[in-house]
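**Q** Quick one: sequence plus predicted model below, questions after.
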There are 2 protein chains.
Amino acid sequence: MPSEFELIARYFARPDFLEPGVAMGPGDDCALLTPTPGQQLAVSVDTSVIDVHFPADAPAWAIGHRCVAVALSDLAAMGARARWCVMALTLPEADEAWLAAFAEGFHALCAAHGVALVGGDVTRGALSIAVTVHGEVPAREALKRSGGRAGDILAVSGPLGGGAGGLHAWRSGVRDLADPLLAAYLLPQPRLAAGQALRGLAHCAIDISDGLLGDLGHLCAASKLGAELDVERLPLAEGLTAALGEDAARQAALTGGDDYELLFSLPATALAGVKHRLSDLGLHLNVIGRLKESPGIGGVGIGDLPTGWQHFPGAPS
Amino acid sequence: MPSEFELIARYFARPDFLEPGVAMGPGDDCALLTPTPGQQLAVSVDTSVIDVHFPADAPAWAIGHRCVAVALSDLAAMGARARWCVMALTLPEADEAWLAAFAEGFHALCAAHGVALVGGDVTRGALSIAVTVHGEVPAREALKRSGGRAGDILAVSGPLGGGAGGLHAWRSGVRDLADPLLAAYLLPQPRLAAGQALRGLAHCAIDISDGLLGDLGHLCAASKLGAELDVERLPLAEGLTAALGEDAARQAALTGGDDYELLFSLPATALAGVKHRLSDLGLHLNVIGRLKESPGIGGVGIGDLPTGWQHFPGAPS
């Protein structure tokens, strides 16, 4: 069995010192990075835990992809350009075939977004991956949750409910990653280009990881506003209604979580511009409601609002 | 039971937006940091896993202290000034008393070193804490493992074997954190000031987390040199010989790990200057050998060299 250090070297070392901004990659006590002058550094960490965030028997390369994707999604929500990441990998055993596939999925998504893996830590324990991502955004141009204004149009960058629909598909025995729902769940695409395209036009943004209603609640709280949703206009993931039926499909889009599309607000005057920019990226802007002065989220067509998915359910936050 | 979001807000939110360099702290998708012009960003991540890195029944505030300390130790080894951290906390349950004590230990060590906790993620699972630390160091002044030169003096910033001795004490039933061995194991002090004091004088540095021989091996490999140790001169942790006996004490200092002192090399001409700087910090420079041209580590007084502690033992690295 190879040593911890050999494992790290074999599967995760890349010639990152050649990457822009990487003065020193993995192999020393720290990575050394050269931030771009005039940019702010955006930092976020996301942990993916076996049987909580992905099924134990999910393909290793999908797990590798997914644990990076969910972390990069936070950079997308700020309008940041992704630059670097470090990974804390906890493993029950050193299964080389698993590691090779995991690393392949991890590196492929990093490469697609120009992200250098500059450091990591491998420990023994229940399978868990914490990825800390670093992006850059011009000073004072970051998209926050707090910039929304009453009257803003609310929009999302893509279809909803795919995360919940894909989990349902997996539990129903679907294993083909070409299935659009399963792909939405296991291979989400962080909307980094969309986030950057929204800078200067959108007023606020968040990524939908906890479910539309939960994350809209965060956005409203930070912006000190309410929202009126047009539930009929929610874009549903391909195959969702066929798989779940109409009511459950809409519920999945509202509260399912794990969709990793961007939810953002913009003034009506910016609508054409944002549509155009997203269209250039092959994405469709979906208007789903408006921000309003009075608190609360209306138009959902149900009584009490369900909250987003939480690890420790309890009193509404 | 409070929600995940309330837990985070209650125990880990601090008014970090007031901290220098923090444009936005916890509460949005990312933290936004303002790097100092002319400085390189040093980044490292360390995971602390229950029953691997600390005993399950260790005091929560000691676990909070320790998981930050081991991460900050990597910044110390680069000569970096500590600035910011993010934490991925995985918990089996939301035990409020435990969380309060853990957060207290975590924040106290951060405050002692001017570190702002700017973001985090809380998930459910076996107890594990991954801390990603960010420091700054003037461009091209970082201490690497690779700068050693043949003839350099090898030195350490403090006594060795305390980590192993403290684990032994814990297993023997010692619970008093005033016990110097137990304190060395559960409450290690990252040598941040020492690391910065070494800049411009030391040629290379590493922190002793895997054990002196293991980390000296890393330093020699990176510097493409060998070393000659003077085992008689190894500074032993207070109480170590009394607790373990002479032979086991020396073995603990050589291979025990978890000491978090700095190991560094310097030219003889810099010795007085480094001694003076460390003395100003209340630390004692301990000369323990020399770097040499020929490979291998001599002077250990045993046959095959034991390697440092590894999570996945196997072929020597």
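**A** That came in fine, so what should we check first?
**Q** what's A:Leu160 in contact with, if anything?
**A** A:Ile208, A:Leu212, A:Leu234, A:Pro235, A:Leu236, A:Ala237, A:Ala252, A:Ala253, A:Leu254, A:Gly256, A:Asp259, A:Glu261 (C-beta atoms under 8 Å, 6 or more residues apart in numbering or on different chains). For the C-beta atoms, the positions are set from N, CA and C on the backbone; glycine is no exception.
**Q** SS state for A:Lys97?
**A** Actually, residue A:97 is Ala rather than Lys. What DSSP: H, G, I helix; E, B strand; the rest coil gives for A:Ala97 is helix.
**Q** who wins for most neighbours among the contacts of A:Leu160?
**A** A:Asp259 (32 neighbours; other C-beta atoms under 10 Å in any protein chain shown).
**Q** what's near enough to touch A:Asp207?
**A** Taking C-beta under 8 Å, 6+ apart, we find A:Asp207 in contact with A:Ser73, A:Asp74, A:Ala76, A:Ala77, A:Pro190, A:Arg191, A:Asp215, A:Tyr260, A:Glu261, A:Leu262, A:Leu263, B:Asp29.
**Q** check contacts around the fifth one.
**A** Looking back up the chat, that one is A:Pro190. A:Ala69, A:Val70, A:Leu72, A:Ser73, A:Leu75, A:Ala76, A:Ala82, A:His113, A:Asp207, A:Tyr260 are the contacts of A:Pro190 under C-beta under 8 Å, 6+ apart.
**Q** So in chain A, which helix runs the longest?
**A** The helix that spans the most residues within chain A, counting by DSSP state H, is helix A:60-78.
**Q** and that helix, C-alpha only, in PDB?
**A** Output of helix A:60-78 as PDB, limited to C-alpha atoms (Å, rounded to 0.1, in the frame of the first residue of the first chain):
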ATOM      1  CA  ALA A  60     -15.900   8.300  -7.900                       C
ATOM      2  CA  TRP A  61     -15.300  10.700 -10.700                       C
ATOM      3  CA  ALA A  62     -18.800  12.200 -10.200                       C
ATOM      4  CA  ILE A  63     -18.000  12.700  -6.600                       C
ATOM      5  CA  GLY A  64     -14.800  14.400  -7.600                       C
ATOM      6  CA  HIS A  65     -16.600  16.600 -10.000                       C
ATOM      7  CA  ARG A  66     -19.400  17.400  -7.600                       C
ATOM      8  CA  CYS A  67     -17.400  18.400  -4.600                       C
ATOM      9  CA  VAL A  68     -15.600  21.000  -6.700                       C
ATOM     10  CA  ALA A  69     -18.700  22.100  -8.500                       C
ATOM     11  CA  VAL A  70     -20.700  23.000  -5.300                       C
ATOM     12  CA  ALA A  71     -17.700  25.000  -4.000                       C
ATOM     13  CA  LEU A  72     -17.200  26.900  -7.300                       C
ATOM     14  CA  SER A  73     -20.900  27.700  -7.300                       C
ATOM     15  CA  ASP A  74     -20.300  30.100  -4.400                       C
ATOM     16  CA  LEU A  75     -17.700  31.900  -6.500                       C
ATOM     17  CA  ALA A  76     -20.200  32.100  -9.300                       C
ATOM     18  CA  ALA A  77     -22.800  33.700  -7.000                       C
ATOM     19  CA  MET A  78     -20.300  36.500  -6.200                       C
END
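**Q** so does the helix or strand following that helix get close to chain B?
**A** Using DSSP states H and E, the helix or strand that directly follows helix A:60-78 along the chain is strand A:81-91. Yes. Contact of strand A:81-91 with chain B (C-beta under 8 Å from any C-beta of the partner chain) involves A:Trp84, A:Val86, A:Met87, A:Ala88, A:Thr90.
**Q** Including pLDDT and neighbour count, could those residues go into CSV?
**A** Output for these, formatted as CSV (pLDDT from 0 to 100; neighbours: other C-beta atoms under 10 Å in any protein chain shown):
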residue, pLDDT, neighbour count
A:Trp84, 97, 28
A:Val86, 96, 24
A:Met87, 96, 29
A:Ala88, 96, 28
A:Thr90, 93, 26
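**Q** Could I get those in TSV, plus columns for distance to B:Ser157?
**A** Below are these laid out as TSV (distance: C-beta to C-beta, whole Å):
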residue	distance to B:Ser157
A:Trp84	29
A:Val86	25
A:Met87	29
A:Ala88	26
A:Thr90	29
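**Q** Run through the residues that contact the residue nearest to A:Gln189 when sequence neighbours are not counted.
**A** Nearest residue to A:Gln189, sequence neighbours excluded (C-beta to C-beta, 6 or more residues apart in numbering or on different chains): A:Ala69, at 6.8 Å. Contacts for A:Ala69 (C-beta under 8 Å, 6+ apart) come out as A:Leu109, A:Leu187, A:Pro188, A:Gln189, A:Pro190, A:Tyr260.
**Q** Now do A:Ala69 against A:Asp280, distance only.
**A** Separation of A:Ala69 from A:Asp280 (C-beta to C-beta, to the nearest Å) stands at 22 Å.
**Q** Hmm, A:Pro37 is touching B:Gly38, no?
**A** No. Between A:Pro37 and B:Gly38 there is no contact under C-beta atoms under 8 Å: 9.0 Å.
**Q** So, low pLDDT: which residues of the stretch 1-150 of chain A?
**A** Scanning the stretch 1-150 of chain A for pLDDT under 70 picks out A:1-10, A:14-18.
**Q** Now with 50, please.
**A** A:1, A:16-17 (pLDDT under 50).
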